[in-house]
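**Student:** Take a look and give me a structure for this.
(chains A and B)
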Amino acid sequence: EAGVVQSPRYKIIEKKQPVAFWCNPISGHNTLYWYLQNLGQGPELLIRYENEEAVDDSQLPKDRFSAERLKGVDSTLKIQPAELGDSAVYLCASSFIGGSGELFFGEGSRLTVL
Amino acid sequence: AQRVTQPEKLLSVFKGAPVELKCNYSYSGSPELFWYVQYSRQRLQLLLRHISRESIKGFTADLNKGETSFHLKKPFAQEEDSAMYYCALSSPSGYSTLTFGKGTMLLVSP
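**Tutor:** Numbers count the residues shown, from 1 in each chain, chains lettered A, B, ... in the order given. Here you go, the predicted model:
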């Protein structure tokens, strides 16, 4: 079992450019999360999916961020246009709906905006 | 609103010393509490959860509802315990999102 897979691991872009991150959750996990982790901070939720439905996207900056989870499996998080303050690690996690509460995290995608 | 506070950014101890990583929470009701750990160059992973009342790698944590605390303890620290530790909470339904604290870096010196 590979666990939660994220790509790319690292991305460097110039401000105002678009960027996309991809996540493949653990097989059978119906809940998928995107978290943002700034340097020296804990993970903060951006969006949570249950199957294909975004059930909590209250913290997602919708003017520049978008996400989708087609077919309830893989997910993509997009930023367009990126700003300097978006430099952070973007974490994907998955779990079972109504499960024990344990989240399984990917290795993260580190974004640097110049 | 639910909130998790970890007052220490860094805790430095010598091998064999006792360790206590502090965690306080704010939540109206009875939350579920967790400790997650991130070792160097590894992904964030669950260390323990309060409902299972288990000891993992010698670590224990007791939920104190009166003090709204969930401190992580280990009687004798090991060098391999050096890592970033995050306290987190969720509602007991299992259908809500984990809210994390800012984390505490534990450094265990030889």
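**Student:** what residues are up against the residue in chain A that chain B sits nearest to?
**Tutor:** Closest approach of chain A to chain B (Cβ to the nearest Cβ) occurs at residue A:42, with a separation of 3.6 Å. C-beta: built from backbone N, CA, C; applies to glycine. When contacts are counted by Cβ atoms under 8 Å, 6 or more residues apart in numbering or on different chains, residue A:42 touches B:4, B:6, B:86, B:88, B:100, B:101, B:102, B:103.
**Student:** Distance of the closest residue to the second one other than its chain neighbours relative to residue A:77?
**Tutor:** I take that to be residue B:6. Spatial nearest neighbour of residue B:6, chain neighbours left out: residue B:101 (3.9 Å); criterion: Cβ to Cβ, 6 or more residues apart in numbering or on different chains. To residue A:77, residue B:101 is 23 Å away according to Cβ to Cβ, to the nearest Å.
**Student:** Comparing these two, which residue is more hemmed in?
**Tutor:** residue B:101 (26 against 23; other Cβ atoms under 10 Å in any protein chain shown).
**Student:** The more buried one contacts residue B:7, doesn't it?
**Tutor:** No: with contact defined as Cβ atoms under 8 Å, residue B:101 does not reach residue B:7; the gap is 9.3 Å.
**Student:** Overlap of the contact sets of the two?
**Tutor:** By Cβ under 8 Å, 6+ apart, no residue touches both residue B:101 and residue B:7.
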